[in-house]
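# here is a sequence together with a model predicted from it:
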Amino acid sequence: MLENKTVLVFPAFEYPDKKKYKRVYLPQSKSDMYELVKEGDLEIFHQHTCPGCHRPSNYSAWFHPNTSTSYEVEYQKLYEPYVIANVADLPAFDERFADYGRNKIQFFFDLNLRGFKFRVLPFPFFVIHENHDDSKWRVDFIDPATRAKEKSSELWSNYQQRRKAFFELQIDAQADVLREDMAFRRASARSARSYTEIAGSAAAEEVRLKKLALNAEATLAELSTACGTTSPSARPQISYLSHLLTGLALALPALIGLLLLLKRNALKSQRSLAVLACSLSLIYLLTLQLHPELFLSTSAPSLARPIIQLPDMTFLALTSPKDLTRLFCLAQSGDEEVLTSVQRIISLADVKYLSMSPRTVMIKEGLAPSGSKHDFFSRTFYVPGRDGEMHPDVFSHEFDKTSLWDLELQTLHLGIAYLITGEEKYGKKLADAVYDWFLNPLTYMTPHFLYASTDVDSKASIGRQYGLVEAHPFKTIVEMVSLVSKRNMWSNQNSEFLRIWLSKLAIWYQTSEFGHLEEKSGNNHQTGFYVMLSWMLTIQGDAAVAKRLLERAKYKLVMQFHPDGSQPRELKRPDAWWYVGYNIMFMTEIAAIAEHVGVDIWRFEYHGRGIVRALDWMLSHLMGCEKFKYGTHPLSQADLTITVFPAFRRAALHLRDPRFEIAILKLADKFGIDAASMLPSFSTLMPPYGFSAAELQKGEHALSCENILASRASKYSKSIADETKAATLREAAIGLAK
């Protein structure tokens with residue numbers, strides 16, 4: 001009876017005479033109820049104080065003698081019925097409407113925008129409100145001194161406008177997707193009809209044989225191109241049996257063609273197709289028989305090849321959508337540097353992460369102010385009022401931060417180990433770990449960060465908006481579990497429940513006060529907000545909505561930069577290097593996500609501000625071309641491996657700029673950084689393949705301070721009228737040249 005996106009409504013009543021009915025009297029029949037209503041002893045709930053709150057339930061229809069089944073009613077403004085619904089379908093509540101005042105109204109307003117239906121249950125389903133004194137929250141709400149009612153009205157007005165605008169945007173995007181889908185279906189139908197007319201009954205058999213032939217090579221078919229262009233020795237082996245089966249698959253339509261040739265009334269076009277099919281099949285089989293070496297590779301893999309299929313969703317948490325593909329190919333080719341890194345990962349997966357106990361929000365020793373263990377709980381990262389001074393208890397077992405970081409590292413190690421070896425023990429452990437954090441009924445985390453970054457010292461009852469950035473590990477965790485999503489270790493049902501969980505978190509991001517504050521922050525928190533929201537929308541299939549979000553956001557994001565490429569707000573922090581790197585890491589990450597949905601943020605500039613200029617500014621200061629005069633904390637290995645190197649790797653691959661690859665190698669050598677120990681900076685597992693020797697030589701030349709400063713001077717002078725800064729840079733470049 002409970003259909004998808006449907007809530008079942010209970011008609012609500014109350015006794016107006018509180019003295020007469022101190023305890024609820026339940027009528028035994030519909031006629032009994034009708035008499036009580038007729039006499040005025042029973043009335044519709046809130047019919048005088050809030051007529052629109054329950055009137056849409058259509059009580060006239062409910063009392064009609066012929067009404068014996070549920071009936072649908074239309075949503076009206078202020079509707080707040082008592083309902084039964086499937087919890088899995090429901091969105092999260094908006095915590096801003098807490099205690100008293102429009103909390104239920106907001107919730108049903110949101111349900112209506114989401115397309116939920118309201119069906120009223122017939123007699124004997126109803127509720128009668130038991131009279132009671134006003135609650136403390138209602139007393140405070142109506143007290144003029146608190147201004148709670150006034151604030152609630154303002155909040156409600158703003159909320160309605162924002163939510164309507166958001167869902168109108170979603171509806172437009174869904175319409176675009178639907179139109180594209182219908183066009184694709186029509187094209188597919190036309191192709192199918194044409195194919196059937198030509199191939200007839202041979203089509204199904206041909207497809208079946210091809211699937212059989214390629215089944216064992218499902219993963220390597222996708223990897224072969226990347227392996228071939230990355231390293232000549234990294235070409236995967238191709239099975240002789242697979243070619244033989246493919247040849248037989250081609251021979252089948254040829255046999256059908258021979259029959260057509262023998263058929264007297266066959267059409268001329270049919271005879272031509274048959275002759276062509278026969279010829280191609282015979283040439284293929286003869287070549288395979290006489291020269292099998294043309295189809296076989298002599299390179300032997302260094303590690304076992306997994307029979308897995310890379311997911312359709314790109315790995316946006318990593319440096320490049322092809323990172324996993326390249327890592328796999330390089331490991332198979334026996335590349336010494338990559339093999340050392342991979343073997344270290346597999347060793348850690350065996351020794352540490354396979355036996356690691358489940359990391360969930362339930363294992364923390366503390367408790368969020370809500371009183372629920374399921375709520376994510378963390379304390380302020382810095383000592384309140386002392387920016388840059390990390391609180392000594394930030395990684396205490398009282399909170400969830402350490403568990404989430406452990407889970408990110410665990411899934412990253414297990415995911416890569418499973419990709420390279422194909423051993424199910426890694427995939428199963430990975431799937432179990434993700435299930436326990438998100439979906440296990442006993443250990444799940446509620447989809448919000450309301451109690452993250454809580455000022456515990458002042459006994460705050462709620463967290464702060466800065467805690468939203470703590471969701472970032474979810475990207476790696478969720479994308480790693482997608483490695484096993486097409487195997488029996490992670491069911492389709494789990495994938496759907498995880499999608500629902502993430503959709504609820506995305507809604508909380510968009511509707512909570514914390515989300516609004518982060519979106520307006522104008523620093524690395526704003527960038528992190530857009531990274532997570534656009535990523536969640538993208539993996540849910542709302543790419544069109546994500547595209548529109550990023551088209552608007554890109555203007556706000558680049559305005560964080562100065563035209564010279566610096567980041568003024570981050571440079572004011574004591575730990576300036578960390579926050580400059582942290583923000584540019586987020587910027588390159590969001591540029592990669594935007595590229596996935598068709599938005600170019602890499603090359604976008606607004607008032608002379610853009611990501612490329614910011615990357616050039618960092619190159620200049622990291623390579624010592626300009627002195628870094630900001631903050632009190634020196635540049636550290638963590639600054640480089642966690643923030644700068646992933647940003648540079650993305651820039652190198654997406655902008656095809658080898659300077660950033662060479663900068664990674666030079667800085668790693670300068671600071672004595674071992675590439676095999678750079679997790680979670682996954683990108684630095686791989687050497688700078690993908691660039692030719694000529695490109696690397698050109699990048700080496702462009703990385704000289706003379707060229708860096710000259711390039712920055714040229715870009716800077718084009719963007720502003722004031723030539724002072726550009727002239728300074730040019731003079732520095734000329735001085736270096738002399």
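Nice, thanks for sending it over.
# quick one: contacts for the residue nearest to Leu703 when sequence neighbours are not counted?
Spatial nearest neighbour of Leu703, excluding adjacent residues (CB to CB, 6 or more residues apart in numbering): Arg659 at 4.9 Å. To be clear about C-beta, it is placed using only N, CA and C from the backbone, and glycine gets the same treatment. Applying CB atoms under 8 Å, 6 or more residues apart in numbering, we find Arg659 in contact with Leu619, Ala652, Gly699, Ala702, Leu703.
# tell me what the host helix or strand of the first one is packed against?
This points to Leu619. Taking DSSP states H and E as the criterion, Leu619 maps to helix 611-622. Where contact means 3 or more CB pairs under 8 Å, 6 or more residues apart in numbering; DSSP states H and E, helix 611-622 is packed against helix 576-596, helix 645-655, helix 658-670, helix 705-719.
# got TSV for the ones you listed, with mean pLDDT and distance to Ser461 too?
Formatted as TSV, the helices and strands packed on helix 611-622 follow (pLDDT from 0 to 100; distance: least, CB to CB, whole Å):
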stretch	mean pLDDT	distance to Ser461
helix 576-596	93	29
helix 645-655	87	36
helix 658-670	88	45
helix 705-719	76	47
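# got the ones you listed as CSV, with distance to Pro27 columns?
Formatted as CSV, the helices and strands packed on helix 611-622 follow (distance: least, CB to CB, whole Å):
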stretch, distance to Pro27
helix 576-596, 58
helix 645-655, 67
helix 658-670, 76
helix 705-719, 77
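# please tell me how far the closest residue to Ser453 other than its chain neighbours sits from Ile601.
Once flanking residues are discounted, Ser453 sits nearest to Gly467: 3.4 Å by CB to CB, 6+ apart. Distance of Gly467 to Ile601, given as CB to CB, to the nearest Å: 26 Å.
# circling back to that earlier point, looking at the contacts of Arg659, which is nearest Lys475?
Within the contacts of Arg659, the smallest distance to Lys475 is 20.4 Å, found for Ala652 (CB to CB).
# the closest one: how many residues sit nearby?
Close neighbours of Ala652, defined as other CB atoms under 10 Å, add up to 25.
# start and end of stretch 504-521, how far apart?
23 Å (CA to CA, to the nearest Å).
# give me the residues contacting that stretch.
So stretch 504-521 is contacted by 91-92, 94-96, 159, 162-163, 166, 447-450, 463-469, 471, 525-526, 528-530, 532-533, 536-537, 540 (CB under 8 Å, 6+ apart).
# what about 7 Å?
91-92, 94-96, 166, 447-448, 465, 468, 525-526, 529, 532-533, 536-537 (CB atoms under 7 Å, 6 or more residues apart in numbering).
# now do stretch 144-159
In contact with stretch 144-159 (CB under 7 Å, 6+ apart) are residues Arg96, Gly101, Arg102, Gln106, Asp140, Phe141, Ile142.
# one step back: which of the contacts of stretch 504-521 count as buried?
Buried members of the contacts of stretch 504-521, counted by 16 or more other CB atoms under 10 Å: 91-92, 94-96, 166, 447-448, 465, 468, 525-526, 529, 532-533, 536-537.
# rewinding a little: from the contacts of Arg659, which is closest to Phe126?
Distances from Phe126 to the contacts of Arg659, taken by CB to CB, are shortest for Ala652, at 66.6 Å.
# for that closest one, list the residues it contacts.
So Ala652 contacts Pro658, Phe660, Glu661 (CB under 7 Å, 6+ apart).
# if you set the cut-off to 8 Å instead, what comes out?
Pro658, Arg659, Phe660, Glu661, Ile664, Pro688, Phe691.
# now for these, which pair is the farthest apart?
Within those, Ile664 and Phe691 form the most distant pair, 12.2 Å apart (CB to CB).
# please identify which of the two sits among more neighbours.
The residue with more neighbours, out of Ile664 and Phe691, is Ile664; 26 against 18, by other CB under 10 Å.
# so the more buried one touches Arg649, yeah?
Yes. Look at Ile664 against Arg649 with CB atoms under 8 Å: they come within range, at 6.7 Å.
# check which helices and strands the helix or strand containing Val342 sits against.
Assessed by DSSP H and E, Val342 sits inside helix 336-348. Applying 3+ CB pairs under 8 Å, 6+ apart, we find helix 336-348 packed against helix 323-333, helix 401-421.
# which parts of that helix are buried?
Of the residues in helix 336-348, Val338, Leu339, Ser341, Val342, Arg344, Ile345, Ile346, Leu348 count as buried by neighbour count, 16+ other CB under 10 Å.
# same deal with stretch 536-553?
For stretch 536-553, using 16+ other CB under 10 Å, the buried residues are 536-539, 542-550, 553.
# tell me which two of those residues sit farthest apart.
Ile539 and Ala553 (17.6 Å).
# for Ile84, grab phi and psi.
In this entry, Ile84 is assigned phi and psi values of phi -120, psi 140 (degrees, to the nearest 10).
# so it touches Leu8, yeah?
Yes. Using CB under 8 Å, Ile84 makes contact with Leu8 at a distance of 4.5 Å.
# which one of those two has more residues nearby?
Between Ile84 and Leu8, counted using other CB under 10 Å, the more crowded position is Leu8 (20 against 13).
# three-state assignment of the more buried one?
Classification of Leu8 using DSSP: H, G, I helix; E, B strand; the rest coil returns strand.
# quick one: it from Pro65, how far?
Distance from Leu8 to Pro65, by CB to CB: 22 Å.
# again with Gln567
72 Å.
# one step back: what is the nearest of the contacts of Arg659 to Asp32?
For those, the nearest to Asp32 is Ala652 (78.3 Å; CB to CB).
# returning to that earlier point: report the angle between the helix holding Leu619 and helix 658-670.
Between helix 611-622 and helix 658-670, the angle comes out at 30 degrees (axes from the mean of the first three to the mean of the last three CA atoms, to 10 degrees).
# residues contacting helix 611-622, please?
Helix 611-622 is contacted from outside by 558, 561, 563-567, 580-581, 584, 587-588, 591, 601-605, 625-628, 635, 644, 647-648, 651, 655, 659-660, 663, 667, 703, 705, 708-709, 711-712, 715-716, using CB under 8 Å, 6+ apart.
# ok, and the closest non-adjacent residue to Ala452?
Counting by CB to CB, 6+ apart, the residue nearest Ala452 is Gly467, at 2.4 Å.
# so Phe376 sits against Met445, correct?
Yes. If you go by CB under 8 Å, Phe376 and Met445 touch, sitting 5.6 Å apart.
# overlap in contacts of these two?
Val361, Asp400.
# so the residue nearest to Ala452, which state does it fall into?
Per three-state DSSP, Gly467 ends up helix.
# show me what contacts it?
Gly467 touches Ser378, Phe449, Tyr451, Ala452, Ser453, Thr454, Phe514, counting by CB under 8 Å, 6+ apart.
# Ser68 too?
With contact taken as CB under 8 Å, 6+ apart, Ser68 is in contact with Pro122.
# looking at this, it is in a helix?
No. Using three-state DSSP, the assignment for Ser68 is coil, not a helix.
# and it, how far is that from Leu665?
For Ser68, the distance to Leu665 - CB to CB - is 78 Å.
# over to Val478?
Relative to Leu665, and taking CB to CB, Val478 is found at 31 Å.
# more neighbours, those two?
Val478 (22 against 15).
# do I have it right that the more buried one meets Ile539?
Yes. Assessed by CB under 8 Å, Val478 is found in contact with Ile539 at 7.0 Å.
# what about Arg603, distance to Thr446?
Arg603 is 40 Å from Thr446, by CB to CB.
# okay, those two: which has more neighbours?
Higher neighbour count among Arg603 and Thr446: Thr446, with 20 against 11, using other CB under 10 Å.
# ramachandran angles for the more buried one?
Dihedral angles (degrees, to the nearest 10) for Thr446: phi -70, psi 140.
# ditto for His607
phi 50, psi 40.
# how near is it to Pro563?
Relative to Pro563, and taking CB to CB, His607 is found at 7 Å.
# and these two? Which one has more around it.
Pro563 (18 against 12).
# any idea how far the more buried one lies from Met623?
21 Å.
# right, I'll call it a day here.
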